[in-house]
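J.: Here's my sequence, what's the structure:
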Amino acid sequence: MTDFTIHTKDSAPEASQSLLDDSINAFGMIPNLHGVMAESPELLESYQILHNKALNTSFSPEELTVVWQTANVEHECHYCVPAHTGIAKSMKVDDSITDALRNKTPLPEKLEVLRETTKAILIDRGNPEANQLKAFFDAGYTKQQLLEIILVLAQKVMSNYVNHLADTPVDKAFAKYEWHPA
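T.: Next comes the predicted model:
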């Protein structure tokens, strides 16, 4: 791993300082991930934009949590799984959904199709099998939502990969949701 600084507003490059204000406004703190990303103002800004875009997709909070956590678990992100567990709680997502995602146990049928489609896109690098796409559309999902999975995966590549490179410590607010791959 590379030794990265977890920036504060005082230590961050000038172009990241207002972005860290945005983090404080959104989360009531500067998440350690954002502090690491602040080293590159362009990365932090892009991540924040994608996060806001993900929140504005056509997915319900439960569905968005499925896409986020599927990527986090598949990427074995020690930071994002606990962080998105806390985010799911704040979004009032039922704990049974979050637990199933964290433990790779079955979800309700429609959400399971979403998880499997997200995984197929991720693992097959955007080339899921035709039968997976049929199951996705048969479950009631749309072409718009298929494309929105790509948006959310782009966000998760940014955070998951940064956390792997920086070995970002989990924030105290999310420490109680610690997670390790099975």
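
J.: Show me how the record splits this structure into domains.
T.: Following automatic domain parsing, one gets these domains for the chain: 14-54, 59-160+173-177.

J.: my read: V73 touches D99, true?
T.: No. Using CB atoms under 8 Å, V73 is not in contact with D99, being 11.7 Å away. In short, each C-beta sits where N, CA and C put it, glycine included.

J.: which one of those two has more residues nearby?
T.: Set side by side, V73 and D99 show more neighbours around V73, with 21 against 12, by other CB atoms under 10 Å.

J.: and stretch 42-51, how far out from the chain's middle?
T.: The chain centroid and the centroid of stretch 42-51 are separated by 12 Å, computed with CA atoms, centre = their mean, to the nearest Å.

J.: export it as PDB, just CAs?
T.: Extracted in PDB, the C-alpha atoms of stretch 42-51 (Å, rounded to 0.1, in the frame of the first residue of the first chain):
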ATOM      1  CA  GLU A  42     -10.400  16.300  -9.700                       C
ATOM      2  CA  LEU A  43     -11.000  12.800  -8.200                       C
ATOM      3  CA  LEU A  44     -12.800  14.100  -5.200                       C
ATOM      4  CA  GLU A  45     -15.000  16.400  -7.200                       C
ATOM      5  CA  SER A  46     -15.800  13.600  -9.700                       C
ATOM      6  CA  TYR A  47     -16.600  11.200  -6.900                       C
ATOM      7  CA  GLN A  48     -18.900  13.700  -5.200                       C
ATOM      8  CA  ILE A  49     -20.700  14.300  -8.500                       C
ATOM      9  CA  LEU A  50     -21.200  10.600  -9.200                       C
ATOM     10  CA  HIS A  51     -22.400  10.100  -5.600                       C
END
